[in-house]
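Participant: Prediction below, plus the sequence it came from.
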Amino acid sequence: MSVKDAIDPILRAATEAGEVPGVVALAATAGGPVYEGAFGKRDITQPDAMTEDSLFWIASMTKAVTSVAAMQLVERGKLALDAPIAEVLPELAGRQVLEGFAADGTPKLRAARRPITLRHLLTHTAGFSYEMWSADMQRYVATTGTPSITTCRKAALDLPLLFDPGERWEYGINIDFIGRAVEAVSGQSLEDYFRQHIFTPLGMLDAGFLPNAAQRARTAQMHARLPGGSLAPIPFGMPEAPEFFMGGGGLYATGRDYLAFIRMLLHQGRLGEAEILRPETVALMAQNQIGTLQAGVMHSVAPQASNDVDFFPGMAQRWGLGFLINTEASPHGRAAGSLAWAGLGNCYFWIDPHSRVCGVILTQILPFADAGAVGLYQRFESALYRGLKS
């Protein structure tokens, strides 16, 4: 059975059954791309078919790109992993820790016991969170009127820490600050930096924060999973005039764009003639950077935005410099030590350095960690490894 024969029926069946509105999936080995497929519709209520060049809001899959940009600047001596990041971003000097709320609802804040570093930000151990996974941060945002991070307003970054830097893993707005740091030391906007140093060298022709009219015409529509399990399109779009480029989640891209990006990482920083990172830098990013801290498990306090998240139940999960690391082999095919993450609209990728395989699967559904989308992701992975073996 070929890879195509193994995967196509699974993706087609999922769209025909209404499990997802539409899907694009791609995969590669060390030898090059081995699969590309598009099924279903961009909008479940419209006739336009999903195509391989459909554009997706990839949300937190942006984080890996921003992390690579930061490590390019570490290689060039413009950023340092363990120096106080406030030397580059004064806005992070003296960031306080939220310790609860007074009887009148006023937030109780104290000084942090240590400075935030780039390593803390890359590993989500700085103390920042997202309101959708923290009741305390959700209350703080409501009390102070802080805008949501997806507004791309600078005031959205004016959040306290939940704990002292380095004490635990908590998924949050860390990488948005890294995007600001990249801009500060490069002298370029994040859009321009990405384009010059990552997108153009890798041939990522459609990736960017600000899609043009032609790209918007082939953008997949966001859908909501309704209580009964059906799907409906919903209005969605990132701000067209952002106050800052959201390094933690603002990018749009095609599956072909993102496959080029993860293939570069699979090849230790190179793709074709383009050298994006040194091999030793990619190796460092792929190593556990958080010791025995547990990563990857998030309990939702905003069910309209995300379900609870735990992609490897019962498994110790760690974090490198930008990626989740599974410490045991996945039951769906990837080896221990693989790298992965995802985007809020149910977009997923993984890089398996041991088996020399990488894959990406893209849908547009809220809330995150949708059971249908995650199940399809798992079946796609299983079929890919099964097809490769045969």
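Facilitator: Good, I have the coordinates.

Participant: from here on, contacts and neighbour counts on C-alpha atoms
Facilitator: Noted.

Participant: Which segments of the chain make up each domain?
Facilitator: Segmentation of the chain into domains, based on automatic domain parsing, reads 3-62+203-389, 75-182.

Participant: would you turn the ones you listed into a markdown table with mean pLDDT and distance to residue 69?
Facilitator: As requested, the domains of the chain are arranged in a markdown table below (pLDDT from 0 to 100; distance: least, Cα to Cα, whole Å):
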| stretch | mean pLDDT | distance to residue 69 |
| --- | --- | --- |
| domain 3-62+203-389 | 97 | 9 |
| domain 75-182 | 97 | 7 |
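
Participant: so which of these gets nearest residue 191?
Facilitator: Proximity to residue 191, assessed across the domains of the chain by Cα to Cα, is greatest for domain 3-62+203-389 (6.5 Å).

Participant: end-to-end on the closest one?
Facilitator: With Cα to Cα, to the nearest Å as the measure, the ends of domain 3-62+203-389 fall 9 Å from one another.

Participant: what ranges do the helices span in the stretch 151-300 of the chain?
Facilitator: Across the stretch 151-300 of the chain, reading from the start of the chain, the helices by DSSP state H, counting those that start in this stretch fall at 174-186, 190-194, 200-202, 213-216, 255-266, 279-285.

Participant: Show me the one of those helices that comes nearest residue 385.
Facilitator: Proximity to residue 385, assessed across these by Cα to Cα, is greatest for helix 255-266 (16.1 Å).

Participant: Packing partners of the closest one?
Facilitator: Taking 3 or more Cα pairs under 8 Å, 6 or more residues apart in numbering; DSSP states H and E as the contact definition, the neighbouring helices and strands of helix 255-266 are strand 22-29, helix 200-202, strand 270-271, strand 347-352, strand 357-362.

Participant: Out of those, which one sits most buried?
Facilitator: Mean neighbours per residue, mean count of other Cα atoms under 10 Å, is largest over the helices and strands packed on helix 255-266 for strand 357-362, with a mean of 27.

Participant: May I have stretch 70-81 as CSV, with CA atoms only?
Facilitator: Coordinates of each C-alpha in stretch 70-81 appear next as CSV, following Å, rounded to 0.1, in the frame of the first residue of the first chain:
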residue,chain,number,x,y,z
ALA,A,70,15.3,34.1,17.9
MET,A,71,17.8,31.3,17.6
GLN,A,72,19.2,32.9,14.4
LEU,A,73,19.9,36.0,16.5
VAL,A,74,21.4,33.9,19.3
GLU,A,75,23.8,32.5,16.6
ARG,A,76,24.7,36.0,15.6
GLY,A,77,25.3,37.2,19.1
LYS,A,78,22.4,39.6,19.1
LEU,A,79,20.4,37.7,21.7
ALA,A,80,21.5,35.6,24.6
LEU,A,81,19.6,32.7,26.1
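
Participant: Mind listing what's buried along that stretch?
Facilitator: Along stretch 70-81, the positions that meet the burial threshold by neighbour count (16 or more other Cα atoms under 10 Å) are 70-73, 78-81.

Participant: For residue 343, give me the backbone phi and psi.
Facilitator: The phi/psi pair for residue 343 (degrees, to the nearest 10) reads phi -130, psi 150.

Participant: neighbours around it, how many?
Facilitator: Residue 343 has 22 neighbouring residues, counting by other Cα atoms under 10 Å.

Participant: That one and residue 274, how far apart?
Facilitator: Here the criterion is Cα to Cα. By it, residue 343 lies 26 Å from residue 274.

Participant: where do the strands sit along the stretch 51-200 of the chain?
Facilitator: All strands of the stretch 51-200 of the chain, identified by DSSP state E, counting those that start in this stretch, fall at 55-57, 96-101, 107-111.
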